[in-house]
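Student: Quick one, structure for this:
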Amino acid sequence: MNKRKFLKQLGLGTFAIAATPTLFSSCTTESSEDFKLWMWVGNGADKTESEWRTQFTRLKDLGFHGILAGGGVETLKTTVPMAKSMGLEIHSWQWVMNRPGNKEAMAHPEWYAVSRNGESSLDVNPYVGYYQWLCPSKPEVQEYIIQSMIDIAEVEGLDGVQLDYVRYCDVILPRGLWEKYDLIQDHEMPEYDFCYCETCRNKFKAESGYDPLDLDDASQDEKWRQFRLDSITNLVNRIAKEVHNRDKKLSASVFATPTLARKFVRQAWDEWDLDFVFPMIYYQFYAEPMDFVRTATAEGVKALGGSKPLYTAQYLSEKTSEDVAAMIVAAKAGGSNGLAFYDYGLLDDGKAEVIKNLQG
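Tutor: Numbering: from 1, shown residues only. Okay, the predicted model is just below:
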């Protein structure tokens, strides 16, 4: 079906044509190699080989370029050769700083991040029960995380490692989530502000000459903020060195824009040694209209300055087929190199048809 006709049937013709003067020339001349589609596919340990094959086959038929696959080394031994046989790129989806229920980490309670009011995230989980954050400043945590990424990167045939939760706990939630947690976060609240463990404080004091807990308002101190930005950046770049040494690519799912990522979760992702990046531009979380997909994508593209591809990530929950079509149009208008969708379980037939028609 003609893309213009298809969009008009969805009621998106005016938006799509007006979004940018060059949008339709981009849509009609771009090949799938230029605008790539990715999908997060999870539940690795619970899925049979037949289920993996069915899902991969469907994604390939829909024009997807790559898979961000859940599961550890043993699961990858099944999924990697399967994906490669279908011509799909496959990257291992790995949680980094948030390690809920991780037995190896829980054997070292001192590894966990501590809030400004002195509570360990192992004992008091901020927001939700699966938030158990490690401290990125501790050398033993760094070595543990880096070695776990090395183990993944050494899987034969794997294309790369995709980092998730590579940040601090959300010191401020996106505006659209405040009501869900009955919060008004117009300032940094101590129970969500990390990390104030002795390692972080002592290291910062050695560099700056003062303890962040001695400040009247630690949230306003730029040196303390930069210390935590650097803690994550240094860890990511150490991971990148090891992954690249094994001839694998490294990517990360990150907060929507460099500005918001720095403010909300201490992520300076435009400074990381990544091969490409997946900003999670979940517009409803930010209580923003659909056009936020375009403007946030454009901010990220500008910040990267052409140094690496940016693939706009979108959450499929509570989205209509029309929403998916508008997401694709908006991401292209913002200059994205493609889209990544979370996650496969939310890809119903209607959304799949939209994706296939707008890519075909």
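
Student: Just give me the neighbour total for residue 232.
Tutor: Neighbour count for residue 232, taken as other C-beta atoms under 10 Å: 24. To be clear about C-beta, it is placed using only N, CA and C from the backbone, and glycine gets the same treatment.

Student: mind listing what it touches?
Tutor: 97, 136, 166-168, 266-268 (C-beta atoms under 8 Å, 6 or more residues apart in numbering).

Student: how about the helix or strand hosting it: buried residues?
Tutor: Element membership of residue 232, judged by DSSP states H and E, is helix 222-245. Using 16 or more other C-beta atoms under 10 Å as the test for burial, helix 222-245 gives 224-233, 235-236, 238-240, 242-243.

Student: Let me see the ranges of the strands in this protein.
Tutor: Listed in chain order, the strands of the chain (DSSP state E) span 36-41, 66-69, 89-95, 160-164, 249-255, 276-280, 311-315, 338-342.

Student: and the nearest residue to residue 338 once chain neighbours are set aside, how many neighbours does it have?
Tutor: Closest residue to residue 338 apart from its sequence neighbours, by C-beta to C-beta, 6 or more residues apart in numbering: residue 36 at 3.6 Å. Look at residue 36: counted by other C-beta under 10 Å, it has 20 neighbours.

Student: quick one, what contacts residue 36?
Tutor: 65-66, 309, 311, 337-338.

Student: Just the pLDDT for residue 34.
Tutor: Here the pLDDT value assigned to residue 34 is 86.

Student: Give me the distance between it and residue 231.
Tutor: According to C-beta to C-beta, to the nearest Å, residue 34 and residue 231 sit 36 Å apart.

Student: hmm, back to that, could you dump the helix holding residue 232 to CSV, C-alpha only?
Tutor: Output of helix 222-245 as CSV, limited to C-alpha atoms (Å, rounded to 0.1, in the frame of the first residue of the first chain):
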residue,chain,number,x,y,z
GLU,A,222,27.6,21.4,40.7
LYS,A,223,30.8,19.6,41.7
TRP,A,224,28.9,16.9,43.5
ARG,A,225,26.5,16.6,40.5
GLN,A,226,29.5,16.3,38.1
PHE,A,227,31.1,13.7,40.3
ARG,A,228,28.2,11.4,39.9
LEU,A,229,27.9,12.0,36.2
ASP,A,230,31.6,11.1,35.9
SER,A,231,31.1,8.0,38.0
ILE,A,232,28.7,6.5,35.4
THR,A,233,30.6,7.8,32.4
ASN,A,234,33.8,6.3,33.6
LEU,A,235,32.2,2.9,34.2
VAL,A,236,30.5,2.9,30.8
ASN,A,237,33.7,3.8,29.0
ARG,A,238,35.6,1.0,30.8
ILE,A,239,32.9,-1.4,29.7
ALA,A,240,33.2,0.0,26.2
LYS,A,241,36.9,-0.7,26.1
GLU,A,242,36.4,-4.4,27.1
VAL,A,243,33.5,-4.9,24.7
HIS,A,244,35.3,-3.3,21.8
ASN,A,245,38.4,-5.3,22.5
